[in-house]
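Novice: next one to model:
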Amino acid sequence: MPNLKQNPTLKDFQEYVKKLEIERGFSHEKIIEKCLMLGEEVGELFKAIRKSEQIKTDSKSKITSIKEELADVFIFLCAIANRANIDLEKAFREKEKINKKRIWN
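Specialist: Sure, this is the predicted structure:
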C-alpha cells in the first residue's frame with residue numbers, strides 16, 4: 001500500500017493517487033470515467049452539505065460527511081489531472097496569475 005508522506009505537496013498527493021489507483025485496480029479507467037465519477041462525488045458532497053444545513057434529503061440515501069466527500073472529490077480531481085498529465089500546482093499558479101488581473105465585482 002502506498003504511503004503519503006508527512007506534510008505532502010500537491011505533487012505528492014497526485015503521485016499517491018496514481019499509486020493507489022494501480023494498487024486498487026483503477027489505473028485502466030479512462031478520463032471520461034473519472035470525470036463521470038467526479039460528478040457523482042460532487043453530488044454526494046452537495047447532499048452532505050444539504051444534510052449539514054438541515055435541508056430535506058432523501059431519507060433512504062446514504063449520506064456521509066462533508067469532510068469525506070471533499071476527500072473523494074480531491075482524489076478524483078488528482079486522478080483526472082494525472083490522466084491529462086497536468087501538474088495541479090502549476091496549473092493552479094498559472095490560473096491565479098490570470099485571476100489576479102480580473103476585476104471582481
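
Novice: contacts for the lengthiest helix in the chain?
Specialist: Assignment by DSSP state H gives helix 31-52 as the longest helix of the chain. Contact with helix 31-52 is made by 56-57, 61, 63-66, 68-70, 72-73, 76-77, 79-80, 83-84, as judged by C-beta atoms under 8 Å, 6 or more residues apart in numbering. For the C-beta atoms, the positions are set from N, CA and C on the backbone; glycine is no exception.

Novice: which of the residues you listed count as buried?
Specialist: Buried by 16 or more other C-beta atoms under 10 Å: 63, 66, 69, 72, 73, 76, 77, 79, 80, 83, out of the contacts of helix 31-52.

Novice: can you pick out the most distant pair from these?
Specialist: 63 and 83 (28.7 Å; C-beta to C-beta).

Novice: got any ranges where the chain has weak pLDDT?
Specialist: For the chain, no stretch has pLDDT under 70.

Novice: where along it do the helices fall?
Specialist: Under the criterion DSSP H, the chain contains helices at 10-24, 31-52, 66-83, 88-100.

Novice: quick one: buried residues of stretch 7-15?
Specialist: For stretch 7-15, the neighbour count (16+ other C-beta under 10 Å) marks 13, 14, 15 as buried.

Novice: would you turn those into TSV with distance to residue 3?
Specialist: Shown next, in TSV, are these (distance: C-beta to C-beta, whole Å):
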residue	distance to residue 3
13	12
14	15
15	11
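
Novice: could you measure from residue 14 over to residue 41?
Specialist: Relative to residue 41, residue 14 is positioned 17 Å away (C-beta to C-beta, to the nearest Å).

Novice: I meant to write residue 60 there.
Specialist: 19 Å.
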